[in-house]
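>>> Sharing a model prediction with you, sequence too.
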Amino acid sequence: MRITRKPFFGALLILSMSLAACSGLAGGGSAGSNSGTGTGATGPFSIGGKISGLSGKGLVLQNNKGDNLTISTNGTFTFATKVTGAYAVTVLTQPTNPQQNCSVTNAIGTATAAVTTVQVSCSSGTVTIGGTLTGMTGSGLVLQNNAGDNLTLNANGAFTFATQLSLGAAYNVTVLTQPGNPPQACSVAAGSGTANSNVGTVVVTCASGTLSIGGSVSGLAGTGMVLQDNGGDNLTIRGNGSFTFPTLLGNGNTYSVTIQKQPTNPGQTCSVTNGSGTATTNVTNIQIVCPAVFFTVGGQTVGLLGTNGGMVLQNNGGDNLPVTGNGPFTFVTSIAAGSSYDVSIFVGANTQPQGCIVWGFQGTANADVTTVTVDCGHNDWTWMDGNNTSNQFGTASKTPPVPPAVNRDTPGGTRYPATWTDLSGNLWLFSGFGFSHDSTVPNQPGFFQEMWKYTGTTNYFGGFGNFWQQQTLAGPIPDPRWGAVSWTDASGKLWLFGGQDAFDEFLNDLWSFDPSTLTWTFVSGGAQLNGAYGRRAHPLRPTCPAVAGAQLDESTAPATSGCSEDSALMVPAQLQAC
């Protein structure tokens, strides 16, 4: 049995190897003609084919939108990159010189072996030029392509010029003759370009009529006016000047222009002149006239003393208006809507110890003006800056703002601060009990060592030159306090004495402040100290040896003390040298 089995298995093995070899030859026919293009049954595989008819230059193919391949001659081609799976061959750039149009067949598939069946065919043929005509109701429309090849059209629909163009040639479609019966105006869209294939995208649109309808508008002050022609073709008017309706009319057609909506804000009732007729040429003489709108100018007078001060106001340098007392006033002459007004005092009141000021005196009249204020009362309060409610935090910056920005810095709400007016008229403020400019500081209200300066106290009108600014101080600073005494000396220094601090201590320390250097100087004193006394009308010399709180007189003052018999009234102990 061993002798009979061995030949059987050997024959079976030889037969199996023969079948495998036959199977590989049958499935790899393409690979056989493109040897070495694949690495196995699963790829990757080369992609290629054949090009015919190419006579131009610059043909570029792509596979799967990449792997660009420039082709210069007819024959076979193969992309550089092998693929596994799908492939899609396209033309990226058509050849030129001469212009050609190349197309691809067998371009898409799935590579299971080397692909050699892609076919690229190039031709240098001719192309047609055409498009679509719409809107024509007349007849006799004549088109041209490239200033020739006349084409007469009498109905809407598709059209094609008789003369074909070489592939890649330029085309330019225009209207040679407009249609008539009735007259129309036709226009061309997408009429020019380069013909790389048959062109069918030219659009010719005809409108009924060639005559425009329009005119002019005058006196318009409001907004929203709408005109109509023949009960439609609405046209919104936005200002004075010429206007033209968008719809053209045919020769001999009638027109009728009306106002569909009158203007408002301000309201006007406008009228139409030459609004109807028969159009034989462009119509330009229609007139829309709107009546002028006038507004009054006035306001109120406040703070005027007496009833016969002789004050006279003017508007725009005239229209004199005598004012005899406080209350509303209105100039006799109205002004046209949109014009300007300028109210001034022509003659001042002779009952005023000071002059009057006009607020809101200039502007444009778009309604009756009632906001002009003649202010003759300068002894009233004017809110210049800061918050107008209590318990507000302050804000601060190191430098004043650059005009025209408004400085919004302001001290916090404060009770019993120390204040000064320096020799330049600036207001100074120190400490008190209240709120800091820094809202993040805990335990507010409280005592803070903030020094503020207000510039522009002499400027009654206010403005960008009026502002608070927190001062950055050098050296020692007095303890924060309220209820201190303050004064300004002849040299311009600011003095501070006493008050009560955050520990409920009564202070009798004396400090001086130099505004030019922003520095405090401690003179002497402290907290909870008794005062020093002398005799009435007898100045106490600084060299007197005295004990704070002692009652000094000539009997207790040593002869060698240098004290005169004149002693001061009660003075702070720190004014003594000892």
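Received, thanks. Numbering: from 1, shown residues only.

>>> which ones are touching Phe503?
Ala527 (Cβ atoms under 8 Å, 6 or more residues apart in numbering). C-beta: built from backbone N, CA, C; applies to glycine.

>>> Can you pull the poorly scored residue ranges out of this protein?
Applying pLDDT under 70 to the chain flags residues 1-41, 378-384, 401-405, 460-464, 534-578.

>>> quick one: the helices in it?
2-27, 29-33 (DSSP state H).

>>> Can you spell out the domain ranges of this protein, please?
39-123, 126-208, 213-289, 295-375, 414-524, 530-578 (automatic domain parsing).

>>> and these as TSV, adding distance to Asp385?
TSV is the format used below for the domains of the chain (distance: least, Cβ to Cβ, whole Å):
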stretch	distance to Asp385
domain 39-123	68
domain 126-208	64
domain 213-289	36
domain 295-375	17
domain 414-524	7
domain 530-578	36
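
>>> Could you say which one of those comes nearest to Gly386?
domain 414-524 (7.3 Å; Cβ to Cβ).

>>> Can you get me the centre-to-centre distance for the closest one and its chain?
A distance of 42 Å separates the centroid of the chain from that of domain 414-524, by Cα atoms, centre = their mean, to the nearest Å.

>>> Go through the domains of the chain and name the closest to Gly394.
Of these, nearest to Gly394 by Cβ to Cβ is domain 414-524, at 3.5 Å.

>>> Go ahead and confirm Asn350 touches Gly310.
Yes: Asn350 lies in contact with Gly310 (Cβ atoms under 8 Å); the separation is 5.3 Å.

>>> Could you give the number of residues near Leu176?
13 (other Cβ atoms under 10 Å).

>>> Oh, that last question was meant for Gly327, not what I typed.
So Gly327, with other Cβ under 10 Å, has 10 neighbours.

>>> Quick one: residues contacting it.
300-301 are the contacts of Gly327 under Cβ under 8 Å, 6+ apart.

>>> Kindly report the same for the one 10 residues further on.
With contact taken as Cβ under 8 Å, 6+ apart, Ala337 is in contact with 221, 266, 292-295, 365-366.

>>> Quick check: it vs Thr370, distance?
As defined by Cβ to Cβ, to the nearest Å, Ala337 lies at a distance of 15 Å from Thr370.

>>> Ok, Asn97 next?
81 Å.

>>> Which one's more surrounded, these two?
Legend: neighbour count by other Cβ under 10 Å for Asn97 and Thr370, higher for Thr370 (14 against 10).

>>> how much space between that one and Thr330?
Counting by Cβ to Cβ - Thr370 and Thr330 are separated by 8 Å.

>>> Give the intersection of the neighbour lists for those two.
Joint contacts of Thr370 and Thr330 (Cβ under 8 Å, 6+ apart) are Gly298.

>>> Select, out of the domains of the chain, the one closest to Ser397.
Ser397 lies closest to domain 414-524 among the domains of the chain, at 7.6 Å (Cβ to Cβ).

>>> what's the span of the closest one, first residue to last?
End-to-end distance for domain 414-524: 27 Å, by Cα to Cα, to the nearest Å.

>>> before we move on, back to that, of the domains of the chain, which is nearest Pro400?
Closest among those, once you apply Cβ to Cβ, is domain 414-524, at 5.4 Å.

>>> Which residues are in contact with the residue lying closest to Ser256 once chain neighbours are set aside?
Using Cβ to Cβ, 6 or more residues apart in numbering and skipping residues adjacent in sequence, the residue nearest Ser256 is Ser276, 4.4 Å away. Contact analysis of Ser276 by Cβ under 8 Å, 6+ apart lists 254-257.

>>> Could you do Phe361 as well?
Per Cβ under 8 Å, 6+ apart, neighbours of Phe361: 342-344, 372.

>>> Let's have the residues you listed in JSON lines, adding distance to Lys261 and neighbour count.
Output for the contacts of Phe361, formatted as JSON lines (distance: Cβ to Cβ, whole Å; neighbours: other Cβ atoms under 10 Å):
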{"residue": "Asp342", "distance to Lys261": "35", "neighbour count": "13"}
{"residue": "Val343", "distance to Lys261": "36", "neighbour count": "25"}
{"residue": "Ser344", "distance to Lys261": "40", "neighbour count": "14"}
{"residue": "Val372", "distance to Lys261": "34", "neighbour count": "23"}
